[in-house]
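K.L.:
Here is a sequence with its predicted model. Questions after.
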Amino acid sequence: MSNKHLKNTNPYNPLPEDFFQQPTLKLAEALLGCLLINETEEGIASGYIVETEAYMGPEDRAAHSFGNRRTKRTEIMFSEAGVAYTYVMHTHCLVNVVSGPTDKPEAILIRAVEPVDGIELMKKRRNIEIPKNLTNGPGKLTKALGITMGDYGRHFTEPPLLLVKGITPQEISRGKRIGIDNSGEAKDYPWRFWITDNPFVSRHRKKD
DNA sequence: CCTATGATTTACT
DNA sequence: GTAAATCATAGGG
């Protein structure tokens, strides 16, 4: 397979329909290397997913859906797998892939991507020049790709927000999640996955 | 209506 | 390393 990224004249290689049906922890791992694409009026921007975190719903204190908490915000997590859960954190929008069967409120946070298409557009949106800092964090990548609350509930299987087949990671690492120190025992669950040694991973811990 | 809080980023000591 | 920015969401009065 060509290593060059696909252009819109060449149809993207779609993920199999049952891709999103696999268990959340497996899906979190399987998403690594997939190409996340967003089309807006400004143009197309895309990147390979290099870091994810799983949020396991009722039993996960760190999840918004802990204890089956069901609100206007978390409602989408109870729907079918493969739709987008976007929400605002401080001043940033974060994007998740809803996972698990219907009524199981599980989701996978996309924490970092490696820029592929639309790099100039990303620089403009982020107002920086250094490619390395464009998408190496959950709030950064949404701004670079132009993902907003308007994408809440969109299906990743159809434009403008798309997940398609990308690259196959050479090696995958697994460790504790980030930024949930106030979540009791859940803070130590090893539900974060990343492509080993990828420079766009949001942050390196000494030990995971 | 009012207040607390955060799955972050950025700048600073 | 620490702290401030800054606002939608959630929950209580």
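P.N.:
Received, thanks.
K.L.:
Next to DNA strand C, which bits of chain A? Give me the list.
P.N.:
A:64, A:69, A:71-74, A:87-88, A:90-91, A:149 (CB under 7 Å from any atom of the strand). Heads up, the C-betas are built off the backbone N, CA and C, glycines and all.
K.L.:
Could you dump the residues you listed into JSON lines with neighbour count and pLDDT added?
P.N.:
Below are these laid out as JSON lines (neighbours: other CB atoms under 10 Å; pLDDT from 0 to 100):
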{"residue": "A:His64", "neighbour count": "17", "pLDDT": "98"}
{"residue": "A:Arg69", "neighbour count": "14", "pLDDT": "97"}
{"residue": "A:Thr71", "neighbour count": "9", "pLDDT": "97"}
{"residue": "A:Lys72", "neighbour count": "6", "pLDDT": "96"}
{"residue": "A:Arg73", "neighbour count": "15", "pLDDT": "97"}
{"residue": "A:Thr74", "neighbour count": "19", "pLDDT": "98"}
{"residue": "A:Tyr87", "neighbour count": "17", "pLDDT": "97"}
{"residue": "A:Val88", "neighbour count": "13", "pLDDT": "96"}
{"residue": "A:His90", "neighbour count": "6", "pLDDT": "94"}
{"residue": "A:Thr91", "neighbour count": "7", "pLDDT": "93"}
{"residue": "A:Met149", "neighbour count": "11", "pLDDT": "96"}
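K.L.:
Give me the number of neighbouring residues for A:Asn182.
P.N.:
9 (other CB atoms under 10 Å).
K.L.:
Narrow the residues of chain A next to DNA strand C to those in strands?
P.N.:
A:87-88 (DSSP state E).
K.L.:
Near DNA strand B, list only the ones from the residues of chain A next to DNA strand C.
P.N.:
A:64, A:88, A:90-91.
K.L.:
does DNA strand B sit close to stretch A:180-195?
P.N.:
Yes. Stretch A:180-195 is in contact with DNA strand B by CB under 7 Å from any atom of the strand, via A:180, A:182-183.
K.L.:
out of these, which one sits closest to DNA strand C?
P.N.:
The nearest member of the residues of stretch A:180-195 next to DNA strand B to DNA strand C, counting by CB to the nearest atom of the strand, is A:Asn182 at 13.4 Å.
K.L.:
Counting neighbours, which bits of stretch A:76-88 end up buried?
P.N.:
For stretch A:76-88, the neighbour count (16 or more other CB atoms under 10 Å) marks A:76-78, A:81-87 as buried.
K.L.:
Not counting that stretch itself, show me its contacts.
P.N.:
Outside stretch A:76-88, the residues within contact range by CB atoms under 8 Å, 6 or more residues apart in numbering are A:19-21, A:27, A:57, A:64-65, A:70, A:73-74, A:93-107, A:142, A:147-149, A:151-157, A:161.
K.L.:
Would you show me how to pick out the buried ones of those residues in ChimeraX?
P.N.:
A single ChimeraX command selects the buried members of those (16+ other CB under 10 Å):
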select /A:19,20,27,57,64,65,74,93,94,95,96,97,98,99,100,104,105,106,107,142,147,151,152,154,156,157,161
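K.L.:
So which of the contacts of stretch A:76-88 are in strands?
P.N.:
A:93-99, A:106-107, A:157, A:161.
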